[in-house]
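Enquirer: Let me see the structure of the following:
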Amino acid sequence: MKYRDLINLAKKSRFRRLLRKVWRIFNKNYYPFTMGDELKTIKSVLDSGVWNMSSDDGFHIKLEKEFAKYIGVKNAILVSSGGVAIQMTLRGLGFKPGDEVIHQIDTCVANSFAILNAGVTPIFSDISLDTFKLDLDNLENLITPRTKAIIPIHMWGNAENMDKVKQIADKYNLKVIEDCCLSIGATYKGEKVGSFGDVGVFSFGSTKPLSAGEGGFIVTNDDLLAKELRTIRNWGDKTHEYGIRDQETLSWNGRLSEVTAALIYEQLKNYEKLLNTVQTNAKLIIDYISTNKYLEIADENSYNDNPIYTQIVIKLHKKIEKKVFIEKLKNENISVWHANFEAINTLSFFSKNIWKDWILAGDLDFVNENYTKDYKNASIVYSKSGIGLMRNNFITEKATKNVIKKLKKILEDLNLESNI
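Expert: Residues are numbered from 1 along each chain as shown. Have a look, this model is predicted:
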């Protein structure tokens, strides 16, 4: 490529960036966007010279107090990501190679990889075709003497049945680690998710309901565990928390920049306002869906009293061919995805037995059987019966009404428009 061609390409790139910047200023259908004093607060951190968590008066201290208050717990530990939050939690709870942790098969692979990176073994459970969540009636069949914890995943802003999860955990003396990465602000029977288990983990990655690009939180009411987690966050250095210059727990750098902490702080201050808008608009779509016998809100009669709709999760009638329906939605510029992730054991790391290089302790025959099973319900939801309307469809009232109009048109074209 010639020098002049490079210059022209750079100009085009700058032009594209400018267009994208102008577009985002005027288009609020897509999150994230600034909601308060982000620039001012970030500048105050930059001016302070404290950019790293090494200081006792860093901005993360303020954020941790605010986040603990928001969730309704005693302790919040700011970390670099939701995945690191899971790794640190398992290590902080004292889990060792050969120990097992159960979670649903059709969540993001980040859950399984985080468990594996902590030296622990993920065990998969199928889901319910009614709720698209853990099949809690079958989960007990997976519990062995090596099982140490259950990770209920509050998928797409919908709370899991925490009463039943805790009932099973108490029966077998298991820890409960709530994955709240897609559900910050959602409640279960009036209390925020993350406050029910021994630990709750959160993420602020780019696709999360509250985004700062990166970052995560661990929350707990266990003061001693919180102390250990703050130690693990800094390569296990015991100086700050215990007054001893020593390391005894295999740890990570789980710290987050104070600049990102400032961004999370400002987003959190204004999050409820955004959430109220999203929930109000989502309910307009849900009200429309309730008039059509071919569409149904997944787990409509669940224990959720305040879902936050990271996606609106929909069950499709058997008369609707999912592939065709999704194609028509995309053709109308309606953002749509699956109601779940593909079954994790279909990914090459598991299907090609690469996991055997990394799991070296425990009952490997049991693990192999778990990883080679056919998870029928999760497969049905992924291939046939479940879709998710993404949140940018209902960030604004205008976008919401447009989606309803287009949905109606699509269903009419398919001869599936019906008033119940």
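Enquirer: Could you find the closest non-adjacent residue to residue 222?
Expert: Sequence neighbours aside, residue 198 is the residue nearest to residue 222 in space, at 6.7 Å (criterion: Cβ to Cβ, 6 or more residues apart in numbering). From N, CA and C alone the C-beta is placed, and that goes for glycine too.
Enquirer: contacting residues for the one you found?
Expert: Contacts for residue 198 (Cβ atoms under 8 Å, 6 or more residues apart in numbering) come out as 93, 175, 176, 177, 220, 222, 225.
Enquirer: separation between it and residue 100?
Expert: If you measure residue 198 against residue 100 using Cβ to Cβ, to the nearest Å, the figure is 16 Å.
Enquirer: do the same with residue 190
Expert: As judged by Cβ to Cβ, residue 190 and residue 100 stand 32 Å apart.
Enquirer: Give me the more crowded residue out of these two.
Expert: Between residue 190 and residue 100, residue 100 has the larger neighbour count (other Cβ atoms under 10 Å), namely 24 against 7.
Enquirer: Quick check: beta-bridge partners of the more buried one?
Expert: Going by DSSP bridges, residue 100 is paired in beta bridges with residue 121, residue 147.
Enquirer: per-residue pLDDT, it?
Expert: Residue 100 is assigned 98 on the pLDDT scale.
Enquirer: ditto for the one 5 residues further on
Expert: Listed pLDDT for residue 105 reads 97.
Enquirer: count of neighbours near the closest residue in space to it that isn't next to it in sequence?
Expert: In this structure, residue 105 finds its nearest non-sequential neighbour in residue 124, 4.1 Å apart by Cβ to Cβ, 6+ apart. For residue 124, the tally of surrounding residues (other Cβ under 10 Å) stands at 22.
Enquirer: Checking my notes, residue 124 in a helix, right?
Expert: No - looking at residue 124 with DSSP: H, G, I helix; E, B strand; the rest coil, it is strand, so not inside a helix.
Enquirer: can you pull the contacts of it?
Expert: The contact partners of residue 124, by Cβ under 8 Å, 6+ apart, come to 102, 103, 104, 105, 343, 344, 345, 370, 371, 373, 375.
Enquirer: so of those, which ones are in helices?
Expert: Per DSSP state H, helices hold the following members of these: 370, 371.
Enquirer: Among the contacts of residue 124, name the buried ones.
Expert: By neighbour count, with 16 or more other Cβ atoms under 10 Å, the contacts of residue 124 hold 102, 103, 104, 105, 343, 344, 345, 370, 371, 375 as buried.
Enquirer: Give the single residue among the contacts of residue 198 positioned nearest to residue 116.
Expert: Proximity of the contacts of residue 198 to residue 116 (Cβ to Cβ) peaks at residue 177, which lies at 14.9 Å.
Enquirer: Assumed the closest one was part of a strand.
Expert: Yes - the assignment for residue 177 (three-state DSSP) places it in a strand.
Enquirer: OK, contacts around it?
Expert: With Cβ under 8 Å, 6+ apart, residue 177 has these contacts: 86, 89, 90, 101, 149, 150, 151, 197, 198, 199, 200, 201.
Enquirer: Same question for whichever strand or helix holds residue 272: list its buried residues.
Expert: Here residue 272, judged by DSSP states H and E, is contained in helix 271-289. For helix 271-289, the neighbour count (16+ other Cβ under 10 Å) marks 271, 274, 275, 277, 278, 279, 281, 282, 285, 286, 288, 289 as buried.
Enquirer: helices or strands next to it in the packing?
Expert: Applying 3 or more Cβ pairs under 8 Å, 6 or more residues apart in numbering; DSSP states H and E, one finds that helix 271-289 contacts strand 295-297, strand 311-316, helix 397-413.
Enquirer: Deepest-packed of these, please.
Expert: Among those, ranked by average contacts under mean count of other Cβ atoms under 10 Å, first place goes to strand 311-316 (a mean of 23).
Enquirer: What pairs with that one, parallel or antiparallel?
Expert: Strand pairing for strand 311-316, using DSSP bridges, gives strand 295-297 (antiparallel), strand 386-390 (antiparallel).
Enquirer: Tell me the spacing between the residue nearest to residue 105 and residue 96.
Expert: Applying Cβ to Cβ, the value for residue 124 to residue 96 is 20 Å.
Enquirer: swap in residue 400?
Expert: 49 Å.
Enquirer: you'd agree residue 343 is up against residue 109?
Expert: No - judged on Cβ atoms under 8 Å, residue 343 makes no contact with residue 109 at a distance of 10.3 Å.
Enquirer: next helix or strand past the lowest-mean-pLDDT helix or strand in the chain?
Expert: For the chain, the helix or strand with the lowest mean confidence is helix 3-26, at a mean of 54 (criterion: mean pLDDT, DSSP states H and E). Reading on from helix 3-26 to the C-terminus, the next helix or strand found by DSSP H and E is helix 38-48.
Enquirer: Now that following helix: buried residues?
Expert: Within helix 38-48, the residues scored as buried using 16+ other Cβ under 10 Å are 38, 41, 42, 45.
Enquirer: repeat for stretch 104-116
Expert: For stretch 104-116, burial by neighbour count (16+ other Cβ under 10 Å) applies to 104, 105, 106, 107, 108, 110, 111, 112, 113, 114, 115, 116.
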